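In: please find the sequence and the predicted model below.
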Amino acid sequence: MTHPAQPKASHFINGAYVEDTAGTPIPVIYAATGEQIATVYAATPAIVEQALSTAKAAQKAWAKMTGTERGRILRRAADIMRERNHELSVLETYDTGKPLQETLVADATSGADALEYFGGLAGSLTGEHIPMGEDWVYTVREALGLCVGIGAWNYPTQIACWKGAPALACGNSMVFKPSETTPLCALKVAEILHEAGLPAGLYNVIQGMGEVGAALVTDPRVDKVSLTGSVPTGKKVYAAAAAGMKHVTMELGGKSPLIIFDDADVENAVGGAINGNFYSSGQVCSNGTRVFVQKGIKEKFLARLAERTGAAVLGDPQDEATSFGPMVTENQMNIVLGYIEKGKEEGARLICGGKRADMPGFFVEPTVFADVTDDMTIAREEIFGPVMSVLDFDTEEEVIARANDTEFGLSAGVFTNDFSRAHRVIGQLEAGSCFINSYNDAPVEAPFGGVKASGVGRENSKEAIKHFSQVKSVYVRMGDVEAAF
Ligand SMILES: NC(=O)C1=CN([C@@H]2O[C@H](COP(=O)(O)OP(=O)(O)OC[C@H]3O[C@@H](n4cnc5c(N)ncnc54)[C@H](O)[C@@H]3O)[C@@H](O)[C@H]2O)C=CC1
Ligand SMILES: CCCCCC(=O)O
């Protein structure tokens, strides 16, 4: 009996599903049970070539269409995604293990928002006229050409759309490789774009591990690489893209600070900490996993946090009553359990959680450590799981210095009722995506991305247009040319 999550084929190329079982089989394991629910096959060199050559061939005609014509197709795709949201959310849950309670409101909907938003912008991607006395200059915003998107495993639908929508809006074509851990959802994005009227070849999805990603990144026909992944992978991919002078966007890891001052609303601060550590079972790049709590509010905060964390419902992710799901893989679960043991060894105070949940699947209990010090491993390294490190502080100056003392710079949050302090502090934090009295809001209208080791460039908002297009300037001389001889 074929599981409903099993796709028609492993790849989507030139407007159709394509299979090539000569590739390395990639088992798709449902994180809630450990059962294999599907199999896809890594792209062979022939599949890679088919995807790249198709995308290259299709791009020029697409760029010649008007932005309004391109945008109409993207907006139609957004409508289809919303019509099929439940089906897509169930698949996202099978792909990632994230609770349906989450995927119904945070994955295909976010992807549809991106398609709608960039579909709306596409018709306004114009240049400008610059008067130069008798002469003048005009600029033209041009497509980059053939773009490669490479995804991480935590938000497969969203990432496929956050990269594909601006790329297509600007007149590019794309070959997208999802993470080998979550290969299912991007195929539906490609299918829906085609159903919405996207010409064949413009958005292709192929499967595979890092080596397939590397083959895409280094191909001379590729003009742009957009990666969502870890910092180590980002450094490798950035270097490979640089060798070919390609445009890049790097959406990488983080170990972001969430600062809670004595005057903060405790209930909201606890809610922000929960959103910033336990949503998607903690598998969110921008998570505020270093929670700095001013000493005056610390014990009240910890007590309330423990109470509310105890209300998490661990269970079947396909049951909408479940609010906390498993880790995406057994390997990720073991990585997280290793960090938890490290936290205990290094002397952090366990407030709640701290072990694998006693149930099938790759469940780790939502875990909170207190009395964490800056030098502890769980305060320095990205865990990418449900482990919150609570550190305490005395003064504003002290906490800003400590919050910035990291190679990362993805996000930062501040909870306080003193708005002068909120803006003063957030202005000094080295981070790209920040929050005041909130955490992990990611509307498509706002730029998303990091500084320092957390990345280069921004996804979403009008900023993304700059990363998927380039400007040509044309100087027009109306009179004679003057020359020295
Ligand atoms: N900044 C952001 O928006 C986000 C960042 N992330 C980060 O991603 C990481 C977790 O996701 P993972 O999939 O485990 O990351 P990963 O770095 O292991 O893999 C990411 C992608 O890169 C591909 N890849 C690996 N080596 C490659 C190479 N040499 N050339 C080309 N492609 C290659 C993988 O196949 C995968 O598709 C965490 O560090 C997390 O912080 C995750 C989601 C969002
Ligand atoms: C706050 C949610 C944004 C999604 C970033 C990620 O893919 O981890």
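Out: Great, that's in hand. Ligands and ions are numbered 1, 2, ... in the order given.
In: every contact and neighbour count from this point should use C-alpha atoms.
Out: Will do.
In: sheet-wise, list the partners of whatever helix or strand G149 lives in with their directions.
Out: If you go by DSSP states H and E, G149 is part of strand 146-150. Sheet pairing of strand 146-150 (DSSP bridges) gives strand 173-177 (parallel), strand 224-228 (parallel).
In: next SSE after that strand?
Out: Remark: after strand 146-150, the chain's next helix or strand is helix 156-169, criterion DSSP H and E.
In: convert that next one to CSV, retaining C-alpha atoms only.
Out: Taking C-alpha atoms only, helix 156-169 is exported to CSV below (Å, rounded to 0.1, in the frame of the first residue of the first chain):
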residue,chain,number,x,y,z
PRO,A,156,10.5,22.9,3.2
THR,A,157,7.4,24.5,1.6
GLN,A,158,8.2,28.0,2.9
ILE,A,159,11.9,27.9,1.8
ALA,A,160,10.9,26.7,-1.7
CYS,A,161,8.6,29.6,-2.1
TRP,A,162,10.7,32.3,-0.3
LYS,A,163,13.4,31.6,-2.9
GLY,A,164,11.2,30.8,-5.9
ALA,A,165,8.8,33.7,-5.7
PRO,A,166,11.2,36.6,-5.9
ALA,A,167,13.4,34.7,-8.4
LEU,A,168,10.4,34.2,-10.8
ALA,A,169,9.0,37.7,-10.2
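In: chain center to that helix: distance?
Out: Taking C-alpha atoms, centre = their mean, to the nearest Å, the mean C-alpha location of helix 156-169 is offset from the chain mean by 10 Å.
In: check stretch 324-338 too.
Out: With C-alpha atoms, centre = their mean as the basis, stretch 324-338 stands 19 Å off its chain's centre.
In: repeat that for stretch 414-429.
Out: Taking C-alpha atoms, centre = their mean, one finds stretch 414-429 lying 26 Å from the centre of the chain it belongs to.
In: looks to me like Q50 is in a strand.
Out: No. Counting by DSSP: H, G, I helix; E, B strand; the rest coil, Q50 is not found in a strand; it is helix.
In: relative to L302, how far out is it?
Out: From Q50 across to L302, the span is 55 Å (C-alpha to C-alpha, to the nearest Å).
In: same question, D375
Out: Noted for D375: a distance of 21 Å to L302, by C-alpha to C-alpha.
In: out of those two, which sits in the busier spot?
Out: L302 (20 against 9; other C-alpha atoms under 10 Å).
In: in the stretch 1-150 of the chain, what residue is nearest ligand 1?
Out: Residue of the stretch 1-150 of the chain nearest ligand 1, by C-alpha to the nearest ligand atom: I150 (5.2 Å).
In: related to what we said a few turns ago, mind checking which of the strands paired with strand 146-150 is nearest ligand 1?
Out: strand 224-228 (5.0 Å).
In: count of residues packed around the residue of the stretch 1-150 of the chain found nearest ligand 2?
Out: Nearest to ligand 2 in the stretch 1-150 of the chain, going by C-alpha to the nearest ligand atom, is A106, at a distance of 8.2 Å. A106 has 17 neighbours, counted by other C-alpha under 10 Å.
In: now do F485
Out: By the criterion of other C-alpha under 10 Å, F485 has 3 neighbours.
In: this completes my enquiry, with thanks.
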